[in-house]
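K.L.:
pasting the sequence and the predicted coordinates here, then a few questions.
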Amino acid sequence: MLPDSKVPAGPLADKWDRHRFELKLVNPANRKKYDIIVVGTGLAGASAAASLGELGYNVKNFCIQDSPRRAHSIAAQGGINASKNYSNDGDSTWRLFYDTIKGGDFRAREANVYRLAQLSENIIDQCVAQGVPFARDYGGLLDNRSFGGAQVARTFYARGQTGQQLLLGAYSALMRQVSEGKVKLYARREMLDLVIVDGKARGIVVRNLITGELESYSAHAVVLATGGYGNAYFLSTNAMSSNVTAAFRAYRKGAFFANPSFTQIHPTCIPVHGLHQSKLTLMSESLRNDGRVWVPKEPGDKRVPEKIPESERDYYLERKYPSFGNLVPRDVASRNAKEQCDLGKGVGETGLAVYLDFAEAIKRDGKNVIEAKYGNLFEMYEKITGENPYVTPMKIYPAVHYTMGGLWVDYNLMTNVEGLFALGEANFSDHGANRLGASALMQGLADGYFIAPYTISGYLGSNTIKSIDTSHPAFDQSRKEISEQVSRFLSIQGKQTVNQFHRRLGKILWDYCGIAKDEAGLSKALGMIRDLRKEFYKDVYVPGEGADFNQSLENAGRVADFMELAELMVLDALNRKESCGCHLNTAYLTEENEPLRDDENFALVAAWEYTGEDKEPVFHKESLTFENVELTQRSYK
Amino acid sequence: MNWFIETFRTSIGKKLLMAITGLGFLGFIAMHLMGNLTLFAGRDAFLAYVEALHGLEAFILVAEIGLLVFAIIHVFMGLTLYLANNNARKVRYAVQKSGGGRNIGSATMPYTGLVILLFLILHLNNFSFADVSDDRTIYEVVTATFASLGYVVIYLVAAVALAIHIRHGFWSLFQSLGLNHDKYMPAIRKIGIAFAVVVGAGFALIPIYLNLTV
Amino acid sequence: MTKNINLTLKVWRQNRSRPKGGFEIYNAKDISTDMSFLEMLDVVNENLIVEKKEPIAFDHDCREGICGTCGAVVDGQAHGPQKETTLCQLHMRHFKNNETIVIEPWRARAFPVVKDLVVDRGALDEIIAAGGYISAKTGGPQDANNILIGKEIADEAFNAAACIGCGACVAACPNASAMLFVGAKISHLGLLPQGRPEAKKRVMSMVRAMDRLGFGNCSNETECEIQCPKAISIKNIARMNRDFVKASVS
């Protein structure tokens, strides 16, 4: 049974206020009696751990990297949205709410999204107070820019390194709590199991990545802020250690996984080149503010771009979407790039790329202006490709970037497992079927700074949670299961490496569960993934020992989970018989080849319940009701 | 005074001591060179300078004590830092290569420092503690010393070591004192090199000149 | 243009069964010049695994030069020979066919080797915990635009804040000093009006923490600035020195 989403009654704008009042509090003197585990130190995890520590709880904060400052939030480039209306161009909480819910193609909860828009302003204030060096104008005021799919300039930024600066802000707040003794940090630990006692999340088992030891930690509540699962595709813009394991093990312990097939494919990434590529690099979407996307008009035109005259170029985004042009939302831009390449108009060695051309902008504004805006991005591009984008157009192609799906949570960001919370990209809550640019940072920080501290207090305040410690048999059981899995990986002694399997899994997902899907392909993928899994457990070779620093072993566990997750993603995609946002099923298209929603049957959240290995998961549906916005066909023409 | 001692026990405090004492030596070296240049003007000019200097007895005493204290601090701190810095990297790199920041001055500070220290002992023994009388003035002591080719070579080596030491020490002390500014630092760096060259050349020319002419 | 090259790698290996460590020689064949340095190591590792040997342990994560996880001393240079480039962004087109490359971990007493090329940089976190923050409690700050910060100051603070905490400055410094790392954080926070109230306490406690953790001292050799993948300026060290003096005497 899917529990109630706990969305409070009342007018949209008052829901959060009222809910905050109704949430129980924990007396300041009593807070030190509660332990809270926070897994992850990205924007959501670090901000939650710091804020909960400030409130007086004992926080245990875990991260997989060697330092909390390295979480993948750090790689976000473009910016963070907030409805401050500093630009005086008509922005408001309501507009940010509306843009976000429409951008998500009406597959998110109204109340959650509205709250996100409300909190957006506090985030900027909080970050500035912490010393985040946002871009400023000469008068000393904060500068804004417009960003992917928005018609107002509401994006705050710190050059092309906004995620880094925001994360360092949250990290500094976290380290302050560490020095005060309120947060205890556990770096280089990977969560491998959630421990549930009497139906409540009460702890985790982690693997110490240096010694290989399994360690148990107990708490009164567990918070997962463990990011997204884009790495299921092998090639993505995610960091190498980004994985689904923590969330997936929680899923196996009963937490529902919502909308797993909602994967955002970012339009402006450096194209794949070569077989040994380990990851794809994103080029900030802000580039589309000045760059023009084009392909040759004639398929198979292999001339160098400078040799193709204007009249033989197709600026297809400007042609098809005159009012948004190159600034259409990510899903639209990605889909169109694939469409052009499928027509044989793709450029570069592989034919899987389109041009992003700055020639006109450089001519109009001068090289200096373009350099000031995008200098670091251009440098990065040149470092990777060896080509100079000031002289020749960039080549770009879509790449997996963000997963809107994640653990199902209610309005309190609590999963269906009591006491288990999921924040940031790890939950499914705010972006529907497509996330707008500069919204991920906003959501991570809103969850961590301004939502979880209240709702976790509310949970602790309204439940009697008896004390247990790690001697409880549930911890032994978890450790035993993990040890068995580790031994299993090490004992297969096959011929193929973990990476080889991961690469193959990624290709299946990219080919059949990527930018455009269809039922035949998805069904085929399902079989392929199942076969691959069987092969994995027969023929993988994991070197080294369990009780050691062993990166191959770490990867084996992650890839094993990705394989199971991949099945779930495909099942979810098969189940959603419509197109919406990033989920494009070619059977459901408008006459203009845009995604065709089925609001009558699929205005819903698909929440999946684990029932056992090799068993079909159970589908639960949360119907989405829209009382404040009218469901329209998205149009960016 | 506790805070005072505490300050100089920190890494930055030690750097500051090196910088402040180094600055003191730069001042002394400039004066010393200017005075000694009178040697080029011959015996009388030099002795007049020495006479004038001895006239400032109280000042000289204070300056000498000051220089001695500075020297003790500079040497002791330098040694402490040298050992501590060695200790901060117990296993060295198999390939040691500069990215371009190191120069002959910065890479050899402890060694040129040691050379200067050893030289200083010799130098003080040669001249400051030399027996002088009416018929054997300091001028005769100096010229007699530099008549020996061995001494000339030693003095040349010391002058070169000093120039190399100053080449890094000059701008470095400004950096240590926190005086690094886009507008001024390029000039400071140039002046430092010029200063090193002038000092090195000045001190090197004296023994050569005396050896050849007297 | 893309081509393939062959390389000889001399890699530092150190683990529990070989606690003192030593170099091993590997051949890296058919390396595409389009690969990044870490992708080249991936290829070597995949081959080692297939040969049932233990792969080379190295730290890496974002592979786009921002997380600060990766890093090794390549031919005597932190993050290799390219300026302003992390190891993950160093591409093989900068190497020649049949070249021998020596790969060593960051070496500093404060960064003990965990395994092979992996070191423990926890000391940098400890320095930040000692005061590398502004004590802004969550909730209720003033409107962001109430604090005016001129563009020049904001930009300068940003330049210092761009530090990725990779530890290359320590690795590159002939004395294994962490002054550039600490100076950058002190500059970032100290330049901003929000950071001024705590500036004195911050510089005192961060410098003390740095000293306690076994880093060497700065002798102004500027190797840190040159080998820093983000080109953080040594002006930040000067600013720290200045702030430290001010804080000490006042």
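P.N.:
On my side now, so go ahead. A quick note: this is a predicted structure, and the numbers were derived from the prediction, not measured. Residues are numbered from 1 along each chain as shown, chains lettered A, B, ... in the order given.

K.L.:
which bits of the stretch 151-300 of chain A sit near chain C?
P.N.:
Near chain C, the residues belonging to the stretch 151-300 of chain A are A:158-159, A:161, A:163-165, A:168, A:171-173, A:175-176, A:178-179, A:185, A:187, A:210, A:237, A:239-241, A:273-274, A:276-279, A:281-282 when assessed by CB under 8 Å from any CB of the partner chain. Backbone N, C-alpha and C define where each C-beta goes, glycine included.

K.L.:
among these, which lie within helices?
P.N.:
A:163-165, A:168, A:171-173, A:175-176, A:178-179 (DSSP state H).

K.L.:
run the chain-centre distance for stretch C:181-191.
P.N.:
15 Å (CA atoms, centre = their mean, to the nearest Å).

K.L.:
can you give me the buried ones in the lowest-mean-pLDDT helix or strand in chain B?
P.N.:
The weakest-scoring helix or strand in chain B, judged by mean pLDDT, DSSP states H and E, is helix B:2-9 (a mean of 90). Burial within helix B:2-9, assessed by neighbour count using 16 or more other CB atoms under 10 Å in any protein chain shown, is assigned to B:T7.

K.L.:
pull the CA atoms of that helix into CSV?
P.N.:
Extracted in CSV, the C-alpha atoms of helix B:2-9 (Å, rounded to 0.1, in the frame of the first residue of the first chain):
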residue,chain,number,x,y,z
ASN,B,2,52.9,35.1,25.9
TRP,B,3,51.1,36.1,22.7
PHE,B,4,54.3,37.5,21.4
ILE,B,5,56.2,34.2,21.8
GLU,B,6,53.2,32.2,20.6
THR,B,7,53.1,34.3,17.4
PHE,B,8,56.7,33.5,16.5
ARG,B,9,56.2,29.8,17.3
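
K.L.:
which among the residues of the stretch 151-300 of chain A next to chain C count as buried?
P.N.:
Neighbour counting by 16+ other CB under 10 Å classes A:158-159, A:161, A:163-165, A:168, A:171-173, A:175-176, A:178-179, A:185, A:187, A:210, A:237, A:239-241, A:273, A:276-279, A:281-282 among those as buried.

K.L.:
break chain C down into its domains, please.
P.N.:
Segmentation of chain C into domains, based on automatic domain parsing, reads C:4-104, C:122-249.

K.L.:
helices and strands around the next helix or strand after the least confident helix or strand of chain B, which ones?
P.N.:
Under the assignment DSSP states H and E, the closest C-terminal helix or strand after helix B:2-9 is helix B:11-36. In terms of contacts (3 or more CB pairs under 8 Å, 6 or more residues apart in numbering or on different chains; DSSP states H and E), helix B:11-36 is packed against helix B:2-9, helix B:57-87, helix B:149-176, helix B:185-213, helix C:199-212, helix C:235-249.

K.L.:
what's the angle between helix B:11-36 and helix B:2-9?
P.N.:
Angle between the axes of helix B:11-36 and helix B:2-9 is 80 degrees (criterion: axes from the mean of the first three to the mean of the last three CA atoms, to 10 degrees).

K.L.:
partners of the host helix or strand of A:I396 in the sheet?
P.N.:
A:I396 belongs to strand A:394-403 when elements are defined using DSSP H and E. Pairing partners of strand A:394-403, with direction, according to DSSP bridges: strand A:263-269 (antiparallel), strand A:354-357 (antiparallel).

K.L.:
can you redo those strands as CSV with mean pLDDT?
P.N.:
Conversion of these to CSV gives the following (pLDDT from 0 to 100):
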stretch, mean pLDDT
strand A:263-269, 95
strand A:354-357, 96
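
K.L.:
how about these in JSON lines, adding mean neighbour count?
P.N.:
Below are the strands paired with strand A:394-403 laid out as JSON lines (neighbours: other CB atoms under 10 Å in any protein chain shown):
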{"stretch": "strand A:263-269", "mean neighbour count": "27"}
{"stretch": "strand A:354-357", "mean neighbour count": "24"}
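
K.L.:
circling back to that earlier point, for the domains of chain C, which one sits closest to chain A?
P.N.:
Each of the domains of chain C was scored for nearness to chain A using CB to the nearest CB, and the closest is domain C:122-249 (3.2 Å).

K.L.:
can you get me the start-to-end distance on the closest one?
P.N.:
Between the opening and closing residues of domain C:122-249 we find a distance of 31 Å, counting by CA to CA, to the nearest Å.

K.L.:
then stretch A:386-393?
P.N.:
As for stretch A:386-393, its first-to-last residue distance stands at 13 Å under the measure CA to CA.

K.L.:
that older thread, most tightly packed of the domains of chain C?
P.N.:
Across those, the average number of neighbours (mean count of other CB atoms under 10 Å in any protein chain shown) peaks for domain C:122-249, which reaches a mean of 22.

K.L.:
if I look at the residue in the stretch 501-637 of chain A positioned nearest to chain B, how far off is A:E592?
P.N.:
Taking CB to the nearest CB as the measure, the point where the stretch 501-637 of chain A comes nearest chain B is A:F549, at 19.0 Å. With the distance defined as CB to CB, to the nearest Å, A:F549 ends up 54 Å from A:E592.

K.L.:
and the two? Which one has more around it.
P.N.:
Counted by other CB atoms under 10 Å in any protein chain shown, A:F549 and A:E592 do not tie: A:F549 has more neighbours, with 21 against 10.

K.L.:
got the residues of the stretch 1-150 of chain A near chain C?
P.N.:
Taking CB under 8 Å from any CB as the measure of proximity, the stretch 1-150 of chain A contacts chain C at A:47, A:50-51, A:54, A:65-70, A:72, A:74-75, A:84, A:86, A:122, A:124-131, A:133-142.

K.L.:
can stretch C:203-220 be found next to chain B?
P.N.:
Yes. Part of stretch C:203-220 sits near chain B under the criterion CB under 8 Å from any CB, namely C:207-208, C:210-211, C:214-220.

K.L.:
could you check which helix or strand contains the residue of the stretch 501-637 of chain A closest to chain B?
P.N.:
When elements are defined using DSSP H and E, A:F549 is found to belong to no helix and no strand.

K.L.:
OK, contacts around it?
P.N.:
A:F549 makes contact with A:209-212, C:15, C:57, C:114-115, C:118, according to CB atoms under 8 Å, 6 or more residues apart in numbering or on different chains.

K.L.:
just to revisit the earlier point, JSON lines for the domains of chain C, including mean pLDDT and distance to chain A?
P.N.:
What follows is the domains of chain C, written out as JSON lines (pLDDT from 0 to 100; distance: least, CB to the nearest CB, whole Å):
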{"stretch": "domain C:4-104", "mean pLDDT": "96", "distance to chain A": "4"}
{"stretch": "domain C:122-249", "mean pLDDT": "97", "distance to chain A": "3"}
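
K.L.:
please tabulate these in JSON lines, including the columns distance to A:S491.
P.N.:
Supplementary listing: these in JSON lines, determined by distance: least, CB to CB, whole Å:
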{"stretch": "domain C:4-104", "distance to A:S491": "14"}
{"stretch": "domain C:122-249", "distance to A:S491": "34"}
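
K.L.:
compare the ones you listed and report which one is nearest to B:I121.
P.N.:
domain C:122-249 (24.4 Å; CB to CB).

K.L.:
about what we covered before: would you format the strands paired with strand A:394-403 as JSON lines with distance to A:A246 included?
P.N.:
Rendered in JSON lines, the data for those read as follows (distance: least, CB to CB, whole Å):
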{"stretch": "strand A:263-269", "distance to A:A246": "18"}
{"stretch": "strand A:354-357", "distance to A:A246": "36"}
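
K.L.:
for A:S523, find the nearest of those.
P.N.:
Shortest distance between A:S523 and the strands paired with strand A:394-403, using CB to CB, is found for strand A:263-269: 18.4 Å.

K.L.:
contacting residues around the closest one?
P.N.:
The contact list for strand A:263-269 (CB under 8 Å, 6+ apart) reads A:230, A:233, A:237, A:280-285, A:287-288, A:330-331, A:333-334, A:337, A:356, A:396-405, A:434-435, A:513-515, A:569, A:582.
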